[in-house]
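Q: Below are the sequence and a predicted model; questions follow.
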Amino acid sequence: MTNADITVLLVDDDEMIRECIVAYLEDEGFTVHGAVSGEEALGMMAELEPSVCISDMRLPGMNGESFICKAHELCPATRYMLHTGMLYSLSDELRALGMRADDVLLKPIHDLSRLVNKIRQSAIVGGRL
């Protein structure tokens with residue numbers, strides 16, 4: 001079981017944040033893809049079948065919550081996380097999909113090793129390893 005076995009899809013419209021996190025996770029050995037919007041990410045879901053998908057809450061078009069609900073229909077085995085700069089409590093709809101409070105990560109993440117551990121834990125729980 002290695003990080004190379006885990007595919008991550010990161011959805012964030014902030015290019016600097018997206019590129020920095022993608023580069024860091026690739027350096028850690030993950031297979032990582034980035035998307036600018038929920039709509040773009042939905043177009044990638046079926047082909048990628050990511051182990052873990054991390055979405056910003058505020059996105060152009062649909063927000064992160066709407067994206068996760070639609071993405072879950074396409075890839076129910078994928079584990080989902082929200083990465084947001086605002087205080088956010090999970091909706092009942094996201095809780096019904098299996099998300100928990102610790103699946104909400106506040107920006108900025110100062111310790112990216114914590115994100116790596118969370119991705120690995122989520123992939124294992126989701127049965128994707």
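A: Okay, I see it. Residues are numbered from 1 along each chain as shown.
Q: Please name the nearest non-neighbouring residue to the most centrally placed residue in the chain.
A: The C-alpha lying nearest the average C-alpha coordinate of the chain belongs to I54 (CA atoms, centre = their mean; 1.2 Å). In space, and not counting its chain neighbours, I54 is closest to M81: 4.6 Å by CB to CB, 6 or more residues apart in numbering. Every residue, glycine included, has its C-beta placed from N, CA and C.
Q: one step back: in what helix or strand does the residue nearest to the centre of the chain lie?
A: I54 belongs to strand 52-56 when assigned by DSSP states H and E.
Q: ok so, going back, am I right that the residue nearest to I54 sits in a strand?
A: Yes: per DSSP: H, G, I helix; E, B strand; the rest coil, M81 lies within a strand segment.
Q: if we can go back for a sec, you'd agree the residue nearest to the centre of the chain is up against I17?
A: No: taking contacts as CB atoms under 8 Å, I54 lies outside contact range of I17: 10.8 Å.
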